[in-house]
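Asks: Model the structure of this input:
(one chain, ligands or ions: 1)
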Amino acid sequence: MRKKNFLIVGGSSGIGLAITEKLQKKGENVFVASRRGESIKNLSGIKHISVDVTNDEVKLEGLPEQLDGLAYCPGTINLKPFRSLRNEDFQKDFEINVLGAVKIIHEIEGSLKKNQSSIVLFSTVAVGQGMPFHASVATSKGAIEGLCRSLAAEFAPKVRVNCIAPSLTETPLSSHLLNSKEKIEHGAKRHPMERIGTSNDIAALAVFLLEGESSWITGQIIGADGGLSSLRK
Ligand SMILES: NC(=O)c1ccc[n+]([C@@H]2O[C@H](COP(=O)([O-])OP(=O)(O)OC[C@H]3O[C@@H](n4cnc5c(N)ncnc54)[C@H](OP(=O)(O)O)[C@@H]3O)[C@@H](O)[C@H]2O)c1
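Replies: Okay, the predicted model is just below:
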């Protein structure tokens, strides 16, 4: 069987790195795009492409002509009371969470449409459920959910587009929220499953959505959140 080609933007850290490792173990070809590539230099067979998605123009050199899937992982957790949020906070969050994904998808749309393929985007539990201090990030992630459904409609039946909405997951991005025993315990208690998420929890769902076994699933926002969005204990 042909090896599939996946592009993982932000595949050098946290959830993206876990997706990269899982796909590599399955024997797929994985291309990681991020600003730095040190964390993946010992992973055999992974090709790194240097890119900053906040640049006006995003060029991805060295990709194959045909891509089977894209995961777009760069994102922010910029939590502040609304009175402290400046226009620049909203703009910066939008730039990384939304416009970065738009630039990448524009760049590789042709390669994704060569065959059946799948795009995975990332939202947050804080879009479906209002949470204090999340105004800026939830605004951007709400836009990603809109982008997901719109592109899923426009690109069907060739390309599927789905979005994962995680709750608090232990990664470098969330480390400032989990830097004491008390914070970890408090975070765990908020979830019906009584623990914080791991990169592997989220990556397992992302890999399922990227691969063909999910071929009848598109336009969905799927929570991976320890039950936080829908359960009350
Ligand atoms: N962790 C959580 O608790 C949580 C909760 C809800 C939603 N999410 C969402 O899940 C997604 C993954 O989060 P994570 O925690 O795994 O993040 P992470 O550990 O910070 O990883 C982010 C990845 O994106 C890359 N990246 C960041 N800025 C970039 C830029 N300007 N250009 C190119 N690449 C860039 C980083 O590599 P370089 O720095 O080398 O560029 C890194 O590989 C995000 O969209 C996040 O909002 C996370």
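
Asks: Do I have it right that Lys47 meets Val30?
Replies: Yes: Lys47 is within contact range of Val30, at 7.5 Å (criterion: CB atoms under 8 Å). C-beta: built from backbone N, CA, C; applies to glycine.

Asks: In which helix or strand does Ile8 reside?
Replies: Using DSSP states H and E, Ile8 sits within strand 5-9.

Asks: Counting neighbours, go ahead and name the busier of Lys47 and Val30.
Replies: More crowded of Lys47 and Val30, by other CB atoms under 10 Å: Val30, with 25 against 15.

Asks: Look up how far Leu147 lies from the more buried one.
Replies: 24 Å (CB to CB, to the nearest Å).

Asks: Then Leu177?
Replies: Where Leu147 is concerned, Leu177 sits at a distance of 26 Å (CB to CB).

Asks: Ile202 now?
Replies: 19 Å.

Asks: So which of those two has more stuff around it?
Replies: Neighbours were counted for Ile202 and for Leu147 using other CB under 10 Å; Ile202 has more, 25 against 21.

Asks: So the more buried one sits against Glu170, correct?
Replies: No: judged on CB under 8 Å, Ile202 makes no contact with Glu170 at a distance of 10.2 Å.

Asks: The longest strand along the chain and the ligand, any residue contact?
Replies: Taking DSSP state E as the criterion, the chain has its longest strand at strand 159-166. Yes: Strand 159-166 lies within reach of the ligand by CB under 6 Å from any ligand atom, at Pro166.

Asks: Quick one: list the elements packing against that strand.
Replies: strand 117-122, helix 125-128, helix 135-155, helix 199-210, strand 221-224 (3 or more CB pairs under 8 Å, 6 or more residues apart in numbering; DSSP states H and E).
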